[in-house]
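1. fold the following and give me the result.
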Amino acid sequence: MTDPLKRVLELVATGRLTAEEAAPILDALEAKAAQGTQRDAAASGSDGEAQGQGGGQGAGNARFARVEVREGGRRIVDLRVPISLGRFALSRVPGLSSQQIADVEEAVTSGAHGPILDVQDADGDGVRIVLE
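-> Sure thing, here's the model as predicted:
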């Protein structure tokens, strides 16, 4: 984790920034990192044909993830978080396997919208993640 990124996440964790206030900062840090990656690829002799053409952060990509946690069929958590923040918190969602986490990360990367995960057991306990 980069130092500026860690600092922003610490500010959110301590309540000095809200998730919505942190979202544009995290987006800017992510864009800056992507630009550095593109510059590195260009410097290494890549012709760039596959880069920069609709590459993942288009206007149609989801910007928020809604995470709902149910216990006994009753919704106990209903969070709407920016995608950039949600990526870092995904491993902390209770009850998700590493495969489910990988599936969610793939859906976010591919620009999916709508429900991407809905897991529920017989007792009505579960997790639902929707990209908005």
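
2. mind listing the strands for this protein?
-> 64-71, 74-82, 114-120, 126-131 (DSSP state E).

3. buried sites along the last one?
-> Burial within strand 126-131, assessed by neighbour count using 16 or more other Cβ atoms under 10 Å, is assigned to 126, 127, 128, 129, 130, 131. All C-beta atoms are positioned from the backbone trio N, CA, C, and that covers glycine.

4. nearest to residue 98, of the residues you listed?
-> residue 127 (14.3 Å; Cβ to Cβ).

5. now do residue 53, the pLDDT please.
-> Looking at residue 53, its pLDDT reads 31.

6. correction: the previous question concerned residue 114.
-> As predicted, residue 114 sits at a pLDDT of 90.

7. wouldn't it be in contact with residue 107 here?
-> No: the pair residue 114 / residue 107 is not scored as a contact, 9.3 Å apart, by Cβ atoms under 8 Å.

8. what about residue 105, how many residues nearby?
-> 13 (other Cβ atoms under 10 Å).

9. distance check, it against residue 116.
-> Going from residue 105 to residue 116 by Cβ to Cβ, to the nearest Å gives 10 Å.

10. could you do residue 132 as well?
-> In terms of Cβ to Cβ, residue 132 sits 11 Å off from residue 116.

11. okay, those two: which has more neighbours?
-> Neighbour totals were compared for residue 132 and residue 116, and residue 116 leads with 19 against 11 (other Cβ under 10 Å).

12. residue 90 - how many residues pack around it?
-> 19.

13. how close does the closest residue to it other than its chain neighbours get to residue 16?
-> Excluding the flanking residues, the one nearest residue 90 by Cβ to Cβ, 6 or more residues apart in numbering is residue 101, at 5.6 Å. Distance of residue 101 to residue 16, computed by Cβ to Cβ: 28 Å.

14. and if you look at residue 69?
-> To residue 16, residue 69 is 25 Å away according to Cβ to Cβ.
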